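Visitor: Structural data only, the sequence is not supplied:
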């Protein structure tokens, strides 16, 4: 977790044994009926709490299960930026005391041997708190955010590896950060 210019960031990286196109394809499937890959009951609880305070909750779902477009709703997020094959950035539309984004960056691993299908996947949660309530909100979630973000990153990596290999479970590379 780091802070820069008013933003609080939780950034994690993982090496994935699949090509960038496969990893990005899996990142684009997140949300809606596909779920949030890890701790779905907690995501559903957050969606319910959001609806109780007038937010969209998770009921908006997504337009298509395997593809998303810039500007469309994705549960209580909005697709803010897509750079095909490389970057997916979601902006939170849930009710919270601040602004938040969730970003997935997919890059070929420059250190991998030639011909390798290894990809560096970076997941970053950004939060711009609004006042003391915003800071209290973020830090109240510090006990569970690491588990949720680490689990989501791991599941995304495993799904990409499984899809690439076309077989059962595979062991992913260790988390980098």
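Guide: Received it, and whenever you're ready, just let me know what you need. Small disclaimer: the values here were computed from a predicted structure and weren't measured.

Visitor: Strands of this protein, residue ranges please.
Guide: Secondary structure of the chain (DSSP state E): strands at 2-4, 7-17, 73-74, 77-83, 87-92, 98-108, 118-129.

Visitor: Tell me where the model's unsure across this structure.
Guide: Along the chain, the parts satisfying pLDDT under 70 run over 1-5, 114-115, 167-177.

Visitor: how about TSV for the strands of the chain, with distance to residue 160 added?
Guide: Where you see a C-beta, it was placed from the backbone N, CA and C, and this is true even at glycine. As requested, these are exported to TSV (distance: least, CB to CB, whole Å):
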stretch	distance to residue 160
strand 2-4	26
strand 7-17	5
strand 73-74	19
strand 77-83	17
strand 87-92	13
strand 98-108	9
strand 118-129	8
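
Visitor: Select, out of those strands, the one closest to residue 62.
Guide: With CB to CB, the closest approach to residue 62 among those belongs to strand 73-74: 5.0 Å.

Visitor: picking that back up, including mean neighbour count, could the strands of the chain go into CSV?
Guide: Shown next, in CSV, are the strands of the chain (neighbours: other CB atoms under 10 Å):
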stretch, mean neighbour count
strand 2-4, 9
strand 7-17, 19
strand 73-74, 20
strand 77-83, 17
strand 87-92, 20
strand 98-108, 19
strand 118-129, 21
